[in-house]
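Colleague: build the 3D model from these lines:
(chains A, B, C and D)
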2 protein chains.
Amino acid sequence: MQKSYCRNELLICEAAKRVFITHGLEGARMQDIADEAGMNKAMLHYYFRSKEKLFHIIFEKELENFFSNMKSILAGDASIQEKILRIIEEEMDSMLSNPRLPMFIFNELSRDPDHFLLKIHNSGAGETFNSFSRAIRQAGESGQIKPVHPEHLFLDMMSLIVYPFISRPVINAVLKINNQEFGEFIQERKRYISALILESLTREAYHHEQ
Amino acid sequence: MQKSYCRNELLICEAAKRVFITHGLEGARMQDIADEAGMNKAMLHYYFRSKEKLFHIIFEKELENFFSNMKSILAGDASIQEKILRIIEEEMDSMLSNPRLPMFIFNELSRDPDHFLLKIHNSGAGETFNSFSRAIRQAGESGQIKPVHPEHLFLDMMSLIVYPFISRPVINAVLKINNQEFGEFIQERKRYISALILESLTREAYHHEQ
DNA sequence: TTGTGGTTTAACCAGATGGTTTAATTTTCT
DNA sequence: AGAAAATTAAACCATCTGGTTAAACCACAA
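Modeller: Sure thing, here's the model as predicted:
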């Protein structure tokens, strides 16, 4: 599937990624991609045939990347707590290096969700969730953490990890920070999220004061 | 600013909203908006002059709606716990009635964030956050909740409330549910989020077993 | 040097796009 | 009823868009 690309193909893919991430499939222009790659437009067709084909190659790769990191962390031998910490740490660092990626993926997925169903399946999202689910169930049964619904915990973690990158312009405006300060805020945020999640999973139920 | 619109202006705005929410500014076509409104394209220009002007009217209104609900809840007399519960409940219900809205807003904001800075300011997002901040600080000082950083709590809540709607296609695919079942999942999710947030704010520190 | 295959380029194409112009039609006012 | 104002519609416009075509160019082998 991912064959070895020649130099020009790589140049085109890199340029296309930048343009598609900013403008999406509908908004991207082949002439802009050509300009970005330093070639003429006919070259894009020579190597990739159509805008749609080029887009899907980029999109599938980025979709897979989005879900693959967590899976490798889950496959390790560490404790469940350590795995959760590593997921939060590494996923957020990954997003800091390409803050536009989540928006790109979710926006394109939402335009025609049925058409992308196979792509989501192929991306490994389901397998990643299943791995997560098994790990959380085992840890609950063996008493390492409080038994919880994996779907909800998964969604807690993804929500807390990804959303700041989706809403970055609003966060920057509301907190009156720039993009570098956003990065520093995210480092702080990692610690906060880690504590929130791990405390919610600690085994004894808390006694309310009411 | 929001003058009284005649019948045709309302028809055009409703149609434009549907098309812009699906395709965004760059992807939307004036002919599609005209078809959706049951008019010819020249009528759009007659009433709204340009695609860009029409877009900004819609966008500003939706942006303001997105942030205004929380503010009115915060202005009430209820306890901070009750307010948090109501924010989660009502914001998620609002999003269930228009699940595409968050994606639309954040995607357009991320395309050219600097240009939208004034729009974010005018939307009341900053005021909403300030209200939230004051309420959380007061509740912390008066001992109703554990003292926390408002920025992080605000982001926790927004993350947990909004993200499921951003990632709905992935959630549906991974959990193997359809959009109606997604709605049911969200009802369950409300309870889960409410518990997570309120427990994290409860006053006594939990004693770890380590 | 010539022929071949592969790559690169400029010109071209049909249709789409946002917007304008002008005439026809409808509504409102006197 | 007639005139003026407002609205609606069709035709038009310049430019953009994804994609195609054919020629020019390049590298390599015989």
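
Colleague: in the worst-scoring helix or strand of chain A on mean pLDDT, what counts as buried?
Modeller: Of all helical and strand segments in chain A, the minimum by mean pLDDT, DSSP states H and E falls on helix A:117-123, at a mean of 84. Buried positions in helix A:117-123, judged by neighbour count with 16 or more other Cβ atoms under 10 Å in any protein chain shown: A:Lys119, A:Ile120, A:Ser123. C-beta: built from backbone N, CA, C; applies to glycine.

Colleague: show me the contact partners of whichever helix or strand comes after that helix.
Modeller: Beyond helix A:117-123 on the C-terminal side, the first helix or strand identified by DSSP states H and E is helix A:125-141. By Cβ atoms under 8 Å, 6 or more residues apart in numbering or on different chains, the residues outside helix A:125-141 that reach it are A:67-68, A:70-71, A:74-75, A:80, A:83, A:120, A:145-148, A:150-151, A:153-154, B:170, B:173-175.

Colleague: for stretch A:54-73, same thing?
Modeller: Residues contacting stretch A:54-73 (Cβ under 8 Å, 6+ apart): A:2, A:12-13, A:16-17, A:20, A:25, A:28, A:33, A:44, A:48, A:83, A:86-87, A:90-91, A:94, A:101-102, A:104-105, A:108, A:119-120, A:122-125, A:127-128, A:131-132.

Colleague: so how do I select the buried members of these in PyMOL?
Modeller: A single PyMOL command selects the buried members of these (16+ other Cβ under 10 Å):
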select buried, chain A and resi 12+13+16+17+20+25+28+33+44+48+83+86+87+90+91+101+102+104+105+108+119+120+123+124+125+128+131+132
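
Colleague: out of the contacts of stretch A:54-73, who's near DNA strand D?
Modeller: A:Ala28 (Cβ under 7 Å from any atom of the strand).

Colleague: okay, domains of chain A per the record?
Modeller: Chain A is divided into the following domains under automatic domain parsing: A:1-49, A:62-200.

Colleague: I'd like the ones you listed as TSV, with distance to B:Arg189 appended.
Modeller: Formatted as TSV, the domains of chain A follow (distance: least, Cβ to Cβ, whole Å):
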stretch	distance to B:Arg189
domain A:1-49	28
domain A:62-200	7
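
Colleague: from those, which stretch is densest packed?
Modeller: Comparing the domains of chain A by mean neighbour count (mean count of other Cβ atoms under 10 Å in any protein chain shown), domain A:62-200 ranks first with a mean of 18.

Colleague: what about it, distance to the chain center?
Modeller: The chain centre lies 7 Å from the centre of domain A:62-200; the measure is Cα atoms, centre = their mean, to the nearest Å.

Colleague: hmm, that domain touching DNA strand C?
Modeller: No: counting by Cβ under 7 Å from any atom of the strand, DNA strand C has no neighbours in domain A:62-200; the shortest distance is 14.7 Å.

Colleague: for that domain, measure first residue to last.
Modeller: Terminal residues of domain A:62-200 lie 32 Å apart, using Cα to Cα, to the nearest Å.

Colleague: ok, now stretch A:73-88?
Modeller: With Cα to Cα, one end of stretch A:73-88 sits 11 Å from the other.

Colleague: same question for stretch A:161-172.
Modeller: End-to-end distance (Cα to Cα), stretch A:161-172: 17 Å.

Colleague: what lies in contact with it?
Modeller: A:87-88, A:91-92, A:95, A:99, A:101-103, A:106, A:177-179, A:181-182, A:185-186, A:189, A:193, B:106, B:109-110, B:113, B:116-117, B:120, B:125, B:155, B:158-159, B:162-163, B:166-167.
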